[in-house]
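>>> Fold the following and give me the result.
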Amino acid sequence: MSNKLSGSYKEIISITIPLILGNVSHTAIALSDIIIMGHHDTKNDTDLAAIGYVSLFFLVIIIAGSSLTKGAQILIAKHNGRGNYHKVGQITDHTLVFLGLIGIVLATLLYFSFKPFFFFLVHDPDLTRQGDLFMHYRAPGIVINFIAQTFVAYFAGTHRTKILGLALSVMAIANIFLNLLLVYCKWGFPEMGIAGSGLASTIAEAISILVLFAGNPLFLFLFKILSILSPVPIGTVDFVTIILRDLIFFEIN
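Residues are numbered from 1 along each chain as shown. Reported below is the predicted structural model:
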C-alpha cells in the first residue's frame, strides 16, 4: 500500500468525511432510539425519559473510550508513514486487548450495579426500573464499541477511512430497522419495548464490527483471535505470528 498523501483538497475531504460520520454516529444511534421510542410510548413518558438519561450516560463512556484510542491512532499513523507495518499491527493488538478488557469490566459493572447508581441520580422507582432494563441490553455494547474504536484508530491511522463510512452507515440503517422489528413487533418479532430498543442498538453496533472485520481477510482474522488468546506474552511473538499479524492489520494492495 502506498503511504504517500498528496495533501489535495479532495484527499483531505475523502479522509475526513468518514471520520466526521464516526463522531456523530453514536449520537445518531441515541437520537433514533429516542425518536422511535417517543412514537411508541405516546401515553407514558417513562421509557422515553429512561432512554434519554441512559443514552447520555452511555455516550459519555463511549467518548472516553474513543479518547483512549487517539494516542494509538497517532502512533499507528507515525509507523504507517515510516513503513513499519509490523509496529502498526502490534500497536493495534495492544490497544485491542487493553480497551477490550476495560470494556468488559465496565460492561459487567453497569450490568449488575447500574440500578442503585441510577436511582441515586433520578430518585424515581419507575424511571430507575426502565433505565436499568435498557442498560441491561446496552451494557454489552460498551465492549463492542471499544473494539470498534480500536479499528477506527487503525483505519484512520492508515488513511483508509472509506470502510469507516460504510460501517457507520450500515450501523445507522440496521439500528432503525431493528428498532422497528423489536420495539413495534414487526413481522412476527416480539414486542420488547424499551428492552428491544437497547437490544437493537447493540446488535447494530455488532453488525458494524463485522463490516470493519471485512476490511481484512476473514480466515486471517481467525488466526488473529488465536494469537490474542495464546499464552505467549504480549510483544513477544514467533515468526509465524508476526507474519500473520502484519497480514491481518496491514494487507498489501
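
>>> unless I'm mixing things up, residue 199 is touching residue 136, no?
No - in this structure, residue 199 is not within contact of residue 136 by C-beta atoms under 8 Å, at 9.2 Å. For every residue, glycine as well, the C-beta is placed using N, CA and C.

>>> how about residue 37, what does it touch?
47-48, 51, 183, 194, 197 (C-beta atoms under 8 Å, 6 or more residues apart in numbering).

>>> ok, now with 10 Å
Residues counted as contacts of residue 37 (C-beta atoms under 10 Å, 6 or more residues apart in numbering) are 47-52, 134, 179, 183, 193-194, 196-197.

>>> how near is it to residue 205?
17 Å (C-beta to C-beta, to the nearest Å).

>>> same check, this time on residue 67
18 Å.

>>> So which of these two has more stuff around it?
Set residue 67 next to residue 205 and count neighbours by other C-beta atoms under 10 Å: residue 205 wins out with 26 against 10.

>>> Can you point out the buried residues in the helix or strand containing the more buried one?
Secondary structure assigned from DSSP states H and E places residue 205 in helix 194-213. Neighbour counts over helix 194-213 (16 or more other C-beta atoms under 10 Å) mark 194-209, 211-212 as buried.

>>> Please name every helix or strand in contact with that helix.
Judged by 3 or more C-beta pairs under 10 Å, 6 or more residues apart in numbering; DSSP states H and E, helix 194-213 is in contact with helix 9-40, helix 46-82, helix 125-138, helix 140-157, helix 162-183, helix 218-229.

>>> right, so of those, which gets closest to residue 116?
Nearest to residue 116, of all the helices and strands packed on helix 194-213, is helix 125-138, at 8.6 Å by C-beta to C-beta.

>>> Using CSV, write out the CA atom coordinates for that closest one.
Extracted C-alpha coordinates of helix 125-138, given in CSV (Å, rounded to 0.1, in the frame of the first residue of the first chain):
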residue,chain,number,x,y,z
PRO,A,125,-38.5,3.9,41.0
ASP,A,126,-40.3,3.6,37.7
LEU,A,127,-37.6,5.5,35.8
THR,A,128,-34.9,3.5,37.6
ARG,A,129,-36.6,0.2,36.6
GLN,A,130,-36.9,1.1,32.9
GLY,A,131,-33.4,2.7,32.8
ASP,A,132,-31.9,-0.4,34.3
LEU,A,133,-33.8,-2.6,31.8
PHE,A,134,-32.4,-0.5,28.9
MET,A,135,-28.9,-0.7,30.3
HIS,A,136,-29.0,-4.4,30.6
TYR,A,137,-29.2,-4.6,26.8
ARG,A,138,-26.9,-1.7,26.1
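
>>> Which other helices and strands does it contact?
helix 9-40, helix 46-82, helix 85-122, helix 194-213.

>>> average pLDDT across the second one?
Right, the one you point to is helix 46-82. Averaged across helix 46-82, pLDDT comes to 87.

>>> just the shortest one next, same as before
Taken as a whole, helix 194-213 has an average pLDDT of 88.

>>> Give me the residues contacting stretch 98-115.
Contacts of stretch 98-115 (C-beta under 10 Å, 6+ apart): 54, 57-58, 61, 64-66, 68-69, 72, 117-118, 128-129, 131-150, 153, 228, 234.
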